[in-house]
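Visitor: need a structure here:
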Amino acid sequence: MIKKGQGTDRRTIVKGAAWSVPVLATALSVPTAAATTQPEPPCPGCLNPGFGVSVLAGLAASSRATLALANPVILDATDCGTLIGNIFDFQPAFTYIVTKATLTMSDGVSYDSTVGLAPGAGVLGAVGAMPAVFAFNNVRIDSNNFRTGLPRISPQTLSVTIKTTFKWGLGAQIICENTLVWNMNGLLNVSLLAGGAGAVSYTGTTS
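Guide: Numbering: from 1, shown residues only. Now for the predicted structure:
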């Protein structure tokens, strides 16, 4: 028979077990902290529409025209700098694919391109050109512009949406969506129209 005061008290066992729990939890937390990886960087917001000479031309009939850009669209990545440093910085080369290109005229009507939705590539810290041109169908023009040579309806903006793939770290990458808008309000009309039919051409600079 165990007399009172001999052996291990039940409350002593419970108390000892309670002290052991935090020790185990602390030991298990060490490898978890060691496995922490570099967080994914945010999408860089430094891609801009580039300045360049643009020619938007086509043929019109019944005051409607198919207009195509006769030159590549400039993509400016100089605001990105070089972004070269440790292994978690972005790599200088990036790729993208054009998902949408929209021409908006001064009458407020917009037209989506049916061509030019193609892949391209660029370099951070440099100026490049998109590889494809765009064409817009059934664009409304002013049927009375043959009297003055200066149509009231003219190009206003070109909006291009791209999905860009940036590489960073050790083989990691992120995909970002960018919409760039070029101001085409400075393009001048050099059309030769009669009754809403003939050659249509707008030329000037975009930015």
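Visitor: so which helix or strand of the chain has the lowest pLDDT on average?
Guide: The helix or strand of the chain with the poorest confidence is helix 10-34; it has a mean of 44 (mean pLDDT, DSSP states H and E).
Visitor: tell me how far the spatially most central residue of the chain lies from residue 186.
Guide: The C-alpha lying nearest the average C-alpha coordinate of the chain belongs to residue 178 (C-alpha atoms, centre = their mean; 1.8 Å). Taking C-beta to C-beta, to the nearest Å as the measure, residue 178 falls 23 Å from residue 186. (Glycine included, C-beta is placed from N, CA and C.)
Visitor: and what of residue 113?
Guide: Taken as C-beta to C-beta, the spacing of residue 113 relative to residue 186 amounts to 21 Å.
Visitor: same thing with residue 80?
Guide: 26 Å.
Visitor: for these two, indicate the residue with more neighbours.
Guide: Neighbours per residue, other C-beta atoms under 10 Å: of residue 80 and residue 186, the larger number sits with residue 80, 21 against 14.
Visitor: where is the longest strand in this structure?
Guide: strand 90-105 (DSSP state E).
Visitor: for that one, C-alpha coordinates in CSV please.
Guide: What follows is strand 90-105, C-alpha atoms only, in CSV (Å, rounded to 0.1, in the frame of the first residue of the first chain):
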residue,chain,number,x,y,z
PHE,A,90,13.2,40.8,-63.0
GLN,A,91,15.3,39.5,-65.9
PRO,A,92,15.7,42.1,-68.7
ALA,A,93,13.9,40.1,-71.4
PHE,A,94,10.2,39.8,-71.4
THR,A,95,7.5,38.4,-73.8
TYR,A,96,3.9,39.3,-74.4
ILE,A,97,0.9,38.5,-76.6
VAL,A,98,-1.5,41.1,-77.9
THR,A,99,-5.1,40.2,-76.9
LYS,A,100,-7.0,43.3,-78.1
ALA,A,101,-6.4,46.4,-80.2
THR,A,102,-9.1,49.1,-80.5
LEU,A,103,-9.3,52.3,-82.6
THR,A,104,-11.6,55.0,-81.3
MET,A,105,-12.7,57.8,-83.6
